[in-house]
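Novice: model the following, please.
(one chain, ligands or ions: 2)
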Amino acid sequence: MSIQNVSVIGAGQMGSGIAQVCAQAGFQVVLHDIEEPYVQKGLQAITRNLARNVEKGRLTEEDKTDILSRITTTTQLETAGQQADIVIEAILEKMEAKESVFSQLDQICPAHTILASNTSSLPITEIAAVTNRAEQVIGMHFMNPVPVMKLVEIIRGLATSDEVFAQVKDMAEQLQKTAVEVNDFPGFVSNRILMPMINEAIYTVYEGVATPAAIDDVMKLGMNHPMGPLTLADFIGLDTCLSIMETLYEGFGDSKYRPCPLLRKYVKAGWLGKKSGRGFYQYT
Ligand SMILES: CC(=O)CC(=O)SCCNC(=O)CCNC(=O)[C@H](O)C(C)(C)COP(=O)(O)OP(=O)(O)OC[C@H]1O[C@@H](n2cnc3c(N)ncnc32)[C@H](O)[C@@H]1OP(=O)(O)O
Ligand SMILES: NC(=O)C1=CN([C@@H]2O[C@H](COP(=O)(O)OP(=O)(O)OC[C@H]3O[C@@H](n4cnc5c(N)ncnc54)[C@H](OP(=O)(O)O)[C@@H]3O)[C@@H](O)[C@H]2O)C=CC1
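Specialist: Ligands and ions are numbered 1, 2, ... in the order given. Below you'll find the model as predicted:
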């Protein structure tokens, strides 16, 4: 069965980006969030991105209208799930929240629907276990910003079928992305490698070795990273960074993954990075 109808759960920075690239590739998209203002914020981000592409001459005004006409929004999970060939979940990085959404979707969605998670680190096998369709549950991990980054990490759960893997890989290619297959281990490949570097950069601030700006300059100018690790942490969201480090710490039981106390302090203070206006830097 070919994928035509895509539902995206969570209209934050990742969900809105995923909805945009799906609609650009010709899929019919339903974008869901728990409250109307969040859905509208996601839709506004998509509209802004498309308008920038029109300004740059990459899309016509007509293309933009067509793409937006393929996206509908809802705050009802039933409406999002009922007609979907695939659901891509992009809500906050907390296992309890994801399990609740997946068990509801399992009841709502037609039997053929694939349930994918954009989780950055949580075990796909564990998410799949709350459904009665573990062979149709898979990790589809996009990178931020979704419209720009080429990679989709595809994570097989223990029971994910070859057919579902092939369908999701094919879909990622239709989105003009490169799919890389990885196994289901905490943090997969991307965040097992990236997040300890970010956590170490936070320890470097915590221990007073250098200022955030100095650390970022070292990594940008010295290692040619496009963003320094602390700018990147703010960009990802410090709540998400902490959740990922906790998954690595608990999942491997190894002290080398312990989250830096300064990261915990910032998250407790509500300093979540760019999305809350303050993290290692201030955003106006
Ligand atoms: C946590 C996880 O689970 C996994 C992750 O996603 S980890 C994060 C992975 N992402 C990264 O590492 C990103 C690192 N940063 C970068 O690659 C670059 O800084 C960047 C692409 C974000 C911005 O690039 P830049 O050259 O510094 O800035 P800028 O010139 O403004 O942008 C480059 C292009 O990206 C586009 N862009 C930038 N931010 C964007 C956004 N949020 N949404 C859509 N498009 C965006 C710009 O429009 C611009 O497009 P064109 O070149 O087509 O005109
Ligand atoms: N940030 C990043 O760089 C990356 C993140 N990811 C992963 O993507 C997921 C989303 O991250 P991101 O977009 O950054 O987070 P955001 O905080 O930007 O967005 C999450 C959205 O989901 C909404 N939400 C929360 N609970 C529910 C629910 N039960 N049903 C529907 N919507 C809900 C939130 O609403 P509210 O604000 O009301 O809580 C918010 O609008 C996480 O799993 C994260 O690990 C993956 C790759 C990169």
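
Novice: quick check: closest non-adjacent residue to residue 124.
Specialist: Closest residue to residue 124 apart from its sequence neighbours, by C-beta to C-beta, 6 or more residues apart in numbering: residue 157 at 3.9 Å. (C-beta placed from N, C-alpha, C; glycine too.)

Novice: check residue 150 too.
Specialist: residue 178 (5.2 Å).

Novice: that older thread, so the residue nearest to residue 124 makes contact with residue 122?
Specialist: No - using C-beta atoms under 8 Å, residue 157 is not in contact with residue 122; the gap is 11.0 Å.

Novice: who touches residue 230 in this structure?
Specialist: 198, 201, 202, 205, 212, 215, 216, 279, 280, 281 (C-beta atoms under 8 Å, 6 or more residues apart in numbering).

Novice: in TSV: those residues, plus neighbour count, pLDDT and secondary structure.
Specialist: Shown next, in TSV, are the contacts of residue 230 (neighbours: other C-beta atoms under 10 Å; pLDDT from 0 to 100; DSSP: H, G, I helix; E, B strand; the rest coil):
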residue	neighbour count	pLDDT	secondary structure
198	21	99	helix
201	25	99	helix
202	26	99	helix
205	18	98	helix
212	20	98	helix
215	21	98	helix
216	22	98	helix
279	27	98	coil
280	25	98	coil
281	16	98	coil
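
Novice: those: which ones sit near ligand 1?
Specialist: With C-beta under 6 Å from any ligand atom as the criterion, those include none near ligand 1.

Novice: CSV please, covering these and showing distance to ligand 2.
Specialist: CSV is the format used below for these (distance: C-beta to the nearest ligand atom, whole Å):
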residue, distance to ligand 2
198, 11
201, 16
202, 16
205, 20
212, 18
215, 19
216, 17
279, 12
280, 15
281, 16
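
Novice: quick check: of these, which lies closest to ligand 1?
Specialist: The closest of the contacts of residue 230 to ligand 1 turns out to be residue 198 (C-beta to the nearest ligand atom; 8.9 Å).

Novice: what sits closest to residue 266 if chain neighbours are left out?
Specialist: residue 238 (5.3 Å).

Novice: I'd guessed that neighbour sits against residue 263; true?
Specialist: Yes - counting by C-beta under 8 Å, residue 263 is a contact partner of residue 238 at 6.3 Å.

Novice: compare those two (neighbour count), which wins?
Specialist: Legend: neighbour count by other C-beta atoms under 10 Å for residue 238 and residue 263, higher for residue 238 (29 against 24).

Novice: what does stretch 163-173 contact?
Specialist: Taking contacts as C-beta under 8 Å, 6+ apart, the residues outside stretch 163-173 that touch it are 3, 86, 114, 116, 135-136, 138, 140, 152, 154, 156, 178-179, 181.

Novice: and if we set it to 10 Å?
Specialist: Contacting residues not belonging to stretch 163-173 are listed as 1-3, 6, 21-22, 25, 27, 85-86, 88, 114-116, 133, 135-140, 142, 151-157, 160-161, 177-181 [C-beta atoms under 10 Å, 6 or more residues apart in numbering].

Novice: mind giving me the PyMOL command for buried ones among those?
Specialist: Command for PyMOL that selects the buried part of the contacts of stretch 163-173, burial taken from 16 or more other C-beta atoms under 10 Å:
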select buried, resi 3+6+21+22+25+27+85+86+88+114+115+116+133+135+136+137+138+139+140+142+152+153+154+155+156+157+160+161+177+179+180
